[in-house]
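> Using only what follows, build the 3D model:
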Amino acid sequence: MSESKTVKFKLNGREVEAPEGRLLIDAAKDAGVEIPHYCYHPALGNPGNCRLCVVEVQGAPKPLVSCRTFVKEGMVVASDSPAAMRAQQSSLELHLVNHPLDCPVCDQSGECGLQDYYMEIGRYESQVREDKLHKGKRIEAGPHVMLDQERCILCTRCTRFVDEVTKTHELGIFGRGHGQYIDLVPGKTLDNPYSGNVVDICPVGALTEKDFRYKVRVWYLDETDSVCPGCSRGCSTSVHTNTERPWHNDGRRVARIKPRHNPEVNGWWICDDGRFGYDSLDHDRLGRVMRLKDQRRELSWTEAFEEIASALASRSAGKGAGGLVVIASGMLSNEDWAAFKVLFVDTLGVKHFVFGPEPDQLGEEDELLRKREKVPNLKGGQAQGFGTEIPSASWDSLAKDIEAGKVWGLYVVERDLTKVWGQRTADLLSKLGLVIFQGPNKTATGDLAHYRLPATAYVEEEGHFTNFGGTVQAYKKALEPLGSAKPDWAIFHGLAEHLAGDRREEAVA
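Residues are numbered from 1 along each chain as shown. Predicted coordinates:
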């Protein structure tokens, strides 16, 4: 395919270049000029109904909307001329005619398009009366979204999203003229798997997240680039954390998760499972290194490494490494998988692994984003050979081997065996001489282990995930670890170093 022709045109007195046929609003943004707009969204088209992105084009009889005007060679455009500014201000005033002045109590305050544009291009003397047209407020649109019709500016982004992206058609425009309003289609609820995205694309406070409402002001939040671990898609996200004021947001450190635009992976969207599935980051977390059997007590990491390394080495030497089964996790990062292989394959010589996902780690898949595997990094494990060159045992065969006495120990990484074996789990694990559980959250399996090692959650470390298509993405550290928790790779390295040290001492002796 041949590359599109590049044209030159003038924007606010400066000569810029853009591909021929590119929308003027996008070409301006590429050149560092943000033209005010509401209805236009790169993924939802350009209906041109908000009339805010008007610019002055030399030779045109009147200002033009930049979201429906294409760049041409030699075009002369001004977005900041008196005529353009006057047109933008007039459009903005019409949007504010019936908009309630409730910024102090609106969750959108601090990231609101009306606030921002009024401060940038507004500050005019109003020419309308202050009596407002009242509409519906605090309407539960669905399980995650609240609707305030008075704040709506009828940009139609939300209706276009449910019509064009999810194709579920829950929202519509009703009424006529200035009495128009957004509402639920009769008999429908905004409960599609991607409903939270209408909050992201709403430029005002008409659509807000139930979970976030009145919890914490947006200017108190810190944002960190991350990757969603909810499925093998690995959507690019932004984690918004609240640590400076722990009395806000019900004490939770993570306030919300937003999509981060990535045209190669998730585009502009994320699913509701990934958006709202962060409760485990602050609930039922592990923070102490524990010996749970034989004189239960808290250990230092050095004590734990020494005891576990000694137990693994002595049992492997006496009963064979074939009696140790390691249950791996698709939650591990690429860095974790590399250290995992060093410890269990290169150092201990383990032959038996369970790599496949648990039944609850398989779920619904659709054509938009969601994948069936509800873990982010099975591909990273496969790159190290697990599940391919290194075979993986089944859950049924493992249970039979434990019953038959062929297995003397289990090392469980971030998995809850009760979701596989149910009530049989306690009986099966009681037959083993050594059970080690490692992970960020408390589980029934962790309570049945001999040793319980606290690992960091993905927001407390940095690393890389490889998604189902082979795309490698980095995620960054957003929060400090809880208690004594360490990244999984650091735990694997610590055990490998102690095992290597024990063997060096044996060789010297």
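> Report pLDDT for the closest residue to residue 252 other than its chain neighbours.
Excluding its sequence neighbours, the residue lying closest to residue 252 (C-beta to C-beta, 6 or more residues apart in numbering) is residue 282, at 4.8 Å. Bear in mind the C-beta positions are built from the backbone N, C-alpha and C, glycine included. If you check residue 282, the pLDDT there is 88.
> Residue 282: what's it in contact with?
Residue 282 is in contact with 251, 252, 253, 254, counting by C-beta atoms under 8 Å, 6 or more residues apart in numbering.
> pretty sure the third one is in contact with residue 482, am I right?
What that stands for is residue 253. No - contact criterion C-beta atoms under 8 Å: residue 253 and residue 482 do not qualify, at 9.0 Å.
> So which residues of the stretch 401-509 of the chain form strands?
409-413, 434-439, 451-454, 463-466, 472-475 (DSSP state E, counting those that start in this stretch).
> For burial, what's the neighbour tally of residue 181?
Neighbourhood size, residue 181 [other C-beta atoms under 10 Å]: 17.
> How is this structure divided into domains?
6-96, 290-508 (automatic domain parsing).
> Kindly reformat those as CSV containing mean neighbour count and mean pLDDT.
Shown next, in CSV, are those (neighbours: other C-beta atoms under 10 Å; pLDDT from 0 to 100):
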stretch, mean neighbour count, mean pLDDT
domain 6-96, 18, 90
domain 290-508, 18, 91
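> Out of the strands of the stretch 401-509 of the chain, which gets nearest to residue 269?
Ranking the strands of the stretch 401-509 of the chain by proximity to residue 269 (C-beta to C-beta) places strand 472-475 first, at 16.0 Å.
> Quick one: list the elements packing against that closest one.
On a contact count with 3 or more C-beta pairs under 8 Å, 6 or more residues apart in numbering; DSSP states H and E, strand 472-475 meets strand 222-227, strand 463-466.
> Quick one: closest of those strands to residue 121.
Of the helices and strands packed on strand 472-475, nearest to residue 121 by C-beta to C-beta is strand 222-227, at 26.0 Å.
> what's in contact with that closest one?
By C-beta under 8 Å, 6+ apart, strand 222-227 touches 234-243, 257, 260, 376, 458-459, 465, 473-478.
> Could you say which one of the helices and strands packed on strand 472-475 comes nearest to residue 105?
Between those, strand 222-227 lies closest to residue 105; by C-beta to C-beta that is 23.2 Å.
> Paired strands for the next helix or strand after that closest one, with orientation please.
Remark: after strand 222-227, the chain's next helix or strand is strand 236-241, criterion DSSP states H and E. Partners of strand 236-241 in the sheet, by DSSP bridges, are strand 222-227 (antiparallel), strand 254-259 (antiparallel).
> then the first one to CSV, C-alphas only?
This means strand 222-227. Output of strand 222-227 as CSV, limited to C-alpha atoms (Å, rounded to 0.1, in the frame of the first residue of the first chain):
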residue,chain,number,x,y,z
ASP,A,222,-1.4,9.4,41.3
GLU,A,223,-1.4,7.7,37.9
THR,A,224,0.9,4.9,36.9
ASP,A,225,1.1,3.0,33.6
SER,A,226,0.2,-0.6,34.0
VAL,A,227,-1.2,-3.7,32.2
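> And it, how far out from the chain middle?
8 Å (C-alpha atoms, centre = their mean, to the nearest Å).
> For it, buried residues please.
224, 226, 227 (16 or more other C-beta atoms under 10 Å).
> and what of stretch 244-262?
Neighbour counts over stretch 244-262 (16+ other C-beta under 10 Å) mark 248, 249, 252, 253, 254, 255, 256, 257, 258, 259, 260, 262 as buried.
> which residues touch the closest residue to residue 19 other than its chain neighbours?
Leaving aside its chain neighbours, residue 19 sits nearest to residue 4 (4.3 Å; criterion: C-beta to C-beta, 6+ apart). Taking C-beta under 8 Å, 6+ apart as the criterion, residue 4 is in contact with 19, 20, 21.
> for residue 27, same thing?
Counting by C-beta under 8 Å, 6+ apart, residue 27 has contacts 9, 11, 16, 18, 19, 71.
> Widest-spaced pair of those residues?
So, those by C-beta to C-beta: farthest apart are 11 and 19, at 14.6 Å.
> In three-state terms, label residue 80 for me.
Here residue 80 is recorded as coil under DSSP: H, G, I helix; E, B strand; the rest coil.
> Can you give me the separation between it and residue 28?
11 Å (C-beta to C-beta, to the nearest Å).
> Show me the contacts of residue 4 that map onto strands.
residue 19 (DSSP state E).
> any idea which of the contacts of residue 4 is the one closest to residue 327?
Scanning those for proximity to residue 327, where the rule is C-beta to C-beta, the winner is residue 19, at 51.8 Å.
> beta partners for that closest one?
Under the criterion used (DSSP bridges), residue 19 bridges to residue 6.
> ok, it - contacts?
4, 5, 6, 7, 27, 71.
> Mind picking the two most distant members of the residues you listed?
5 and 27 (13.4 Å).
> Could you dump the helices and strands packed on strand 472-475 into a markdown table with distance to residue 202 added?
Formatted as a markdown table, these follow (distance: least, C-beta to C-beta, whole Å):
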| stretch | distance to residue 202 |
| --- | --- |
| strand 222-227 | 19 |
| strand 463-466 | 29 |
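> Please identify which of those strands is closest to residue 195.
strand 222-227 (21.2 Å).
> Any chance of the backbone angles for the nearest residue to residue 464 once chain neighbours are set aside?
Ranked by C-beta to C-beta, 6+ apart and with sequence neighbours excluded, the top spatial neighbour of residue 464 is residue 334, at 4.4 Å. Taking degrees, to the nearest 10, you get phi -60, psi -40 for the backbone angles of residue 334.
> hang on, isn't residue 334 packed against residue 463?
Yes - Residue 334 is in contact with residue 463 according to C-beta under 8 Å; the separation is 6.6 Å.
> can you give me the helices in the chain?
Using DSSP state H, the helices found in the chain span residues 24-30, 82-96, 113-121, 157-160, 197-201, 272-276, 301-319, 334-341, 378-383, 395-403, 418-421, 424-430, 444-448, 488-508.
> pLDDT averaged over the fourth one, what's the number?
Translated: helix 157-160. On average, helix 157-160 scores 96.
> quick one: buried residues of that helix?
Counting neighbours by 16+ other C-beta under 10 Å, the buried set in helix 157-160 is 157, 158, 159, 160.
> Adding distance to residue 312, write those residues out as a markdown table.
Below are the buried residues of helix 157-160 laid out as a markdown table (distance: C-beta to C-beta, whole Å):
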| residue | distance to residue 312 |
| --- | --- |
| 157 | 56 |
| 158 | 56 |
| 159 | 59 |
| 160 | 58 |
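> Relative to residue 454, which of the contacts of residue 282 is nearest.
Once C-beta to C-beta is applied, the member of the contacts of residue 282 that ends up nearest residue 454 is residue 253, at 16.0 Å.
> And the closest one, what's its pLDDT?
pLDDT, read off for residue 253, is 93.
> how about it, what does it touch?
Contacts of residue 253 (C-beta under 8 Å, 6+ apart): 241, 242, 243, 246, 281, 282, 479.
> Would you confirm that the last one contacts residue 460?
This means residue 479. Yes - contact criterion C-beta under 8 Å: residue 479 and residue 460 qualify, at 5.1 Å.
> Extract the C-alpha set from stretch 98-105 and format it as CSV.
Extracted as CSV, the C-alpha positions of stretch 98-105 are listed here (Å, rounded to 0.1, in the frame of the first residue of the first chain):
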residue,chain,number,x,y,z
ASN,A,98,-28.9,24.6,31.3
HIS,A,99,-25.9,23.0,32.9
PRO,A,100,-26.1,23.0,36.7
LEU,A,101,-23.5,24.9,38.6
ASP,A,102,-22.6,22.0,40.9
CYS,A,103,-18.8,21.7,40.2
PRO,A,104,-17.9,21.5,43.9
VAL,A,105,-19.9,18.3,44.4
